[in-house]
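Student: just the structure for this:
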Amino acid sequence: MVAREWRLVFRDPWLFSLISWIPLLTSLFIWAIFSGGIARDLPIGVVDLDHSRMSRGLIRLYDASPALATNDHYNSTSEGAHALRAGKIYGLIIIPKGLEKESILGRPPQVSAFINSQFLLIGKNINSALLTAHTTFSTGIEIMKSMSSGTPVFSMALPHATPIGNQITPLFNVNNNYAQFLVSAILPALWQILLVASIVLSLAAEQRRNGLKEWLGNAPIRAVLAKYIPLTLIFWLHGLLFLWAMYILLGWPMHGNWTLLIFAQFLTVCASLIAGSIFFFITLDATRGLSFAAAYAAPGLAFMGVTFPITDMTLPARIWRSFLPISHYIKIQLTQVNYGAPIQTATPYLQHLLLFFIPLLFVFYKATQLSAVRPVNEAKP
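Tutor: Residues are numbered from 1 along each chain as shown. This is a model prediction of the structure:
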């Protein structure tokens, strides 16, 4: 029965695509998008109403930031606002008239920054770069004031300019590599979608060929388990490959337990296949089964808690998240990869994944029920 399932996997064109070139192509595509790792030279516009030596120095600080590129200068606020709304720039800086004069007199001027935060990653980067530039600029002014007022030594003037210093030391993802942050979450989310879709297509293939009753025969539970074996091994291999690519080939840091992570992947594969089977056996239709599967698995990335905090999710979102195997797996991956956490911390998430085996009883019940259905021509006397 298992050999028969292997033949089906390689003979069905759609199913073969889902286990072969589609995962490879989508993974490479995702990597190509984020391969830069760090966002650089984000275009911002500047409206310099002061045209002073100090305003030009502030603009040079913007240019010195690797995240910003001030290639666009505008003569008026309306021109800059139009460019910002048109999407030509991601941020607009307005340097007021009298910047240098107000700074010398000790009256802090107001430099206005407008950032398009619809793009969360871009807005965060620009905001951080602008804060750094303004802090550096203000510190430089205070140092000059201190040195001109009787503190001629730079090392003595610096503490007066910045009495409270700050140092940010990332404990994980030291370089703020967004590929390391996003790709490691996007690939498992796509992996789950392919898993759920594959089992629906595999069961639909049996329905198209000779019917579900012919496939289930007199051993429906054995037929279902045989159906799971090839897909489990194939997608488990997919999971091992993306772990190998990220943490061995690309050299991203891995601080945890490989065995635990691999075992969690196995449970995730099984849980996803069971979920997909439920959708098919409820609908007994490939189209509707795939529709339910897509609606179920597609929000995986959003509900993982990687790009949006779990604590801020609404109750329906948290409930939906609890029914997604990948949301429990990703917690194990993050705690192992980033923190090297003890194995005990993964126990609750492993227990949640094991709970997905309970609906397997429903799959067995439906399979047994379908195998017992008599054809219409046999039911008539």
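
Student: just confirm Ile93 is within a strand.
Tutor: Yes - the assignment for Ile93, made by DSSP: H, G, I helix; E, B strand; the rest coil, places it in a strand.

Student: ok, it - contacts?
Tutor: Ile93 makes contact with Ile44, Gly45, Val46, Val47, Tyr62, Thr70, Val111, Ser112, Ala113, Leu130, according to CB atoms under 8 Å, 6 or more residues apart in numbering. (Glycine included, C-beta is placed from N, CA and C.)

Student: neighbour-wise, which one of those residues leads?
Tutor: Ile44 (29 neighbours; other CB atoms under 10 Å).

Student: that older thread, nearest to Tyr339 among the contacts of Ile93?
Tutor: Out of those, the one with the shortest distance to Tyr339 is Leu130. That distance is 31.2 Å, counting by CB to CB.

Student: now that closest one. Nearest residue, chain neighbours left out?
Tutor: Excluding the flanking residues, the one nearest Leu130 by CB to CB, 6 or more residues apart in numbering is Ala113, at 5.4 Å.

Student: the one you found against Ile95, yeah?
Tutor: No - in terms of CB atoms under 8 Å, Ala113 does not count as a neighbour of Ile95; the distance is 10.1 Å.

Student: how is the protein carved up into domains?
Tutor: For the chain, automatic domain parsing gives the domain ranges 2-34+177-375, 42-161.

Student: and those, which one's lowest on average pLDDT?
Tutor: Least confidently modelled of the domains of the chain is domain 42-161, at a mean of 82 by mean pLDDT.

Student: for Ile358, phi and psi?
Tutor: For Ile358, the backbone dihedrals (degrees, to the nearest 10) come out as phi -60, psi -40.

Student: measure Ser322 to Ile310 for me?
Tutor: From Ser322 across to Ile310, the span is 10 Å (CB to CB, to the nearest Å).

Student: on that earlier part again, quickly compare the domains of the chain and say which is most buried.
Tutor: domain 2-34+177-375 (a mean of 18; mean count of other CB atoms under 10 Å).

Student: distance between that domain and the chain's centre?
Tutor: Taking CA atoms, centre = their mean, to the nearest Å, the mean C-alpha location of domain 2-34+177-375 is offset from the chain mean by 17 Å.

Student: C-terminal to the longest helix along the chain, what's the next element?
Tutor: Here the longest helix in the chain is taken by residue count, with DSSP state H as the criterion, and it is helix 178-209. Sequence-wise, the next helix or strand beyond helix 178-209 is helix 212-216, with elements assigned using DSSP states H and E.

Student: which helices and strands sit right next to that following helix?
Tutor: When contacts are defined as 3 or more CB pairs under 8 Å, 6 or more residues apart in numbering; DSSP states H and E, helix 212-216 sits against helix 178-209, helix 220-244, helix 360-371.

Student: could these go into CSV alongside distance to Gly300?
Tutor: CSV is the format used below for the helices and strands packed on helix 212-216 (distance: least, CB to CB, whole Å):
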stretch, distance to Gly300
helix 178-209, 4
helix 220-244, 14
helix 360-371, 21
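
Student: can you tell me the element the closest residue in space to Lys366 that isn't next to it in sequence falls in?
Tutor: Counting by CB to CB, 6+ apart, Phe281 is the residue found nearest to Lys366 once chain neighbours are left out, at 4.1 Å. Element membership of Phe281 [criterion: DSSP H and E] is helix 258-283.

Student: would you agree Asn71 falls within a strand?
Tutor: Yes - under three-state DSSP, Asn71 falls within a strand.

Student: distance check, it against Ile126.
Tutor: When distances are taken as CB to CB, Asn71 and Ile126 turn out to be 14 Å apart.

Student: for Ser322, same thing?
Tutor: Ser322 sits at a distance of 36 Å from Ile126 (criterion: CB to CB).

Student: next: Gly91.
Tutor: As judged by CB to CB, Gly91 and Ile126 stand 5 Å apart.

Student: need the overlap of contacts for those two.
Tutor: Overlap of the contact sets of Gly91 and Ile126 (by CB under 8 Å, 6+ apart) consists of Leu42, Ile44, Leu68, Ile115.

Student: which stretches of the stretch 51-200 of the chain form strands?
Tutor: In order along the chain, the stretch 51-200 of the chain carries the following strands (DSSP state E, counting those that start in this stretch): 68-74, 91-95, 112-115.

Student: residues touching the shortest one, excluding its own?
Tutor: Read it as strand 112-115. Contact partners of strand 112-115, identified using CB under 8 Å, 6+ apart, comprise Ala81, Leu84, Tyr90, Gly91, Leu92, Ile93, Ile94, Pro96, Gly123, Ile126, Asn127, Leu130.

Student: for the third one, what are phi and psi?
Tutor: It refers to Tyr90. According to degrees, to the nearest 10, the main-chain angles of Tyr90 amount to phi -100, psi -10.

Student: my read: it touches Asp41, true?
Tutor: No - between Tyr90 and Asp41 no contact is recorded; they are 10.8 Å apart, counting by CB under 8 Å.

Student: quick one: residues contacting Glu81.
Tutor: Slight slip there: residue 81 is Ala, not Glu. Contacts here follow CB under 8 Å, 6+ apart; on that basis Ala81 touches Leu92, Phe114.

Student: how about 10 Å then?
Tutor: By CB atoms under 10 Å, 6 or more residues apart in numbering, the residues touching Ala81 are Gly45, Val47, Tyr74, Leu92, Ile94, Phe114.

Student: ditto for Ala83
Tutor: Under the criterion of CB under 10 Å, 6+ apart, the neighbours of Ala83 are Pro43, Ile44, Gly45, Asp72, Tyr74, Ile89, Leu92.

Student: cutoff 7 Å now
Tutor: With contact taken as CB atoms under 7 Å, 6 or more residues apart in numbering, Ala83 is in contact with Gly45, Asp72, Tyr74, Ile89.
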